[in-house]
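Student: What follows is a predicted structure for the sequence shown.
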Amino acid sequence: MRIRHAAGIVVAAVLLLAPTLRAQTETATQFYQKYLAAFTKATKVEDILPFMAEKNRKQAEATPKEDREKMFGLLKILAHHDVKVLKEERGADGSTILSVTGVDDDKKTGTGKVTLVKEGGAWKIGEESWTDKS
Amino acid sequence: MDRQVLTLVVFLAQAAGREGTVTGTLTLDGETTPLRHVYASVEPGFFDKKTEDVHLLFSDVPLSDDTRADRFAMIHLARDGKARIVEVVIDEGGQPIGGAIMAKNFDGEVSVAGMHRLTRARWERTVVEGRLDMASAHTFMGVSFQYDARFSAPIPRPPTAAELKAALASPPAAAAAGYVAAVRRGELAGFLRTLTAGAGADYQKDGAARLRELRADMPADTRPTKMTPQTDGTVLVELEGHRPSDGMTIGFTVRMVEENGAWKVGK
């Protein structure tokens, strides 16, 4: 009985620690892929806010709802598909820049840079910029 | 001179030298302006793409990389009276085949050809030196113009495979490789010896833990792949390795600083 109780505590402790451990070991690439999946399913900007760095999140939250919807619509139009991460570049400030490539709605291949920052031990999207190859 | 040191010197000269040195003047309607800045670059030949033309830009004010890459930006500067620029294009045979003058007097830019005289002193893959001038003043759009410039300008180029190999064996790159080895060993005192005093100070607190973190993040096959000398004398060395779990390329950039005669990783 005592053993079972102790085991229960260990299981609970492992369950409590697991999210933290996962966050620590998640690579920048894995986080960005998770974000891309969420972005694909997202129907409103609020769906992707948890992935954003605090300054971006605050900026979005401070934007009037109507403008926020337009902004999100624009993001969807400009989004790239079949995104592949080519490289993770560590920054001196603890950020990581992902070199990415993808295809837009016009089937044009583009390259991009995504800056990820760590906030509270978890990756967040700092900046994202894309350039279409002509 | 040691070949590796020579390579580094060439790299440093190229970095500094996106800009060269020039003494000369541009005279427009009798008003003379000193030409203080010169930039050289190469482009596929105008008449034969298999050859290279050298483009020389002389200016009275510094021109940033972005400005030089954007002709309209230069024309706007000239039109606004903020810059006076002489451009001369020289073909692979050493003949000036065209050029332009950008100045407010011309409301921006005029193309000028047929009057440029080049006297070559040194004409090599990575540096051009000589004199460009006009035998006499010419007039166009009612504006008389004449220039005379003695110059030495490096031509920034990506390194050849041999140059890159030599550069990666140069003292800053070797020191960067030493830094990687120290990270891989994971021993704090040895690691701190690869850092400048300033960078090392950042490891005063939680140094061992931070080194463990860095070691865990840096793939075992990390090595220097590229170096870019900076105009302040430091050298940026790019390091690359591959994360075993997914093969992802992981890049790091370290700034190498010469401190007390030794290259170390700085801030």
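Tutor: Perfect, I can see it now.

Student: Stretch B:65-72 and chain A in contact?
Tutor: No - against chain A, stretch B:65-72 shows no contacts by Cβ under 8 Å from any Cβ of the partner chain, the least distance being 14.8 Å. Where you see a C-beta, it was placed from the backbone N, CA and C, and this is true even at glycine.

Student: mind checking how far that stretch is from the chain centre?
Tutor: In terms of Cα atoms, centre = their mean, to the nearest Å, the centre of stretch B:65-72 is found 15 Å from the chain centre.

Student: who's in contact with it?
Tutor: Here stretch B:65-72 makes contact (Cβ atoms under 8 Å, 6 or more residues apart in numbering or on different chains) with B:18, B:39, B:41, B:57, B:73, B:74, B:77.

Student: can you pick the most crowded of these?
Tutor: With neighbours taken as other Cβ atoms under 10 Å in any protein chain shown, the top of the contacts of stretch B:65-72 is residue B:39, carrying 25 neighbours.

Student: how close does it sit to residue A:94?
Tutor: In this view, residue B:39 and residue A:94 are 36 Å apart by Cβ to Cβ, to the nearest Å.

Student: so what's residue B:112 up against?
Tutor: By Cβ under 8 Å, 6+ apart, the residues touching residue B:112 are B:99, B:100, B:101, B:138, B:140, B:145.

Student: hmm, 7 Å instead?
Tutor: B:99, B:100, B:101, B:140 (Cβ atoms under 7 Å, 6 or more residues apart in numbering or on different chains).

Student: One more: residue B:188?
Tutor: Taking Cβ under 7 Å, 6+ apart, one finds B:207, B:208, B:211 in contact with residue B:188.

Student: and the gap between the last one and chain A?
Tutor: From residue B:211 over to chain A the distance is 15 Å, taken as Cβ to the nearest Cβ, to the nearest Å.

Student: can you count the residues close to whichever residue of the stretch 1-150 of chain B sits closest to chain A?
Tutor: With Cβ to the nearest Cβ, the shortest gap between the stretch 1-150 of chain B and chain A falls at residue B:69, namely 14.8 Å. Using other Cβ under 10 Å, residue B:69 has 11 neighbouring residues.

Student: can you give me phi and psi for it?
Tutor: For residue B:69, the backbone dihedrals (degrees, to the nearest 10) come out as phi -80, psi -10.

Student: which residue packs closest to residue B:214, ignoring adjacent ones?
Tutor: residue B:183 (5.6 Å; Cβ to Cβ, 6 or more residues apart in numbering or on different chains).

Student: tell me which element that neighbour falls in.
Tutor: Secondary structure from DSSP states H and E places residue B:183 in helix B:171-185.

Student: got it, and residue A:126?
Tutor: According to DSSP H and E, residue A:126 maps onto strand A:122-132.

Student: My guess is residue B:89 contacts residue B:97. True?
Tutor: Yes - between residue B:89 and residue B:97 a contact is recorded at 5.5 Å, counting by Cβ atoms under 7 Å.

Student: can you list residues touching both of these two?
Tutor: With Cβ under 7 Å, 6+ apart, residue B:89 and residue B:97 have common neighbours residue B:46.

Student: which residue ranges form the helices in chain B?
Tutor: For chain B, the helices defined by DSSP state H cover B:3-16, B:65-69, B:71-79, B:161-167, B:171-185, B:188-193, B:197-201, B:207-217.

Student: Please identify which residue in the stretch 101-250 of chain B comes closest to chain A.
Tutor: Counting by Cβ to the nearest Cβ, the stretch 101-250 of chain B gets nearest chain A through residue B:249, at 4.4 Å.
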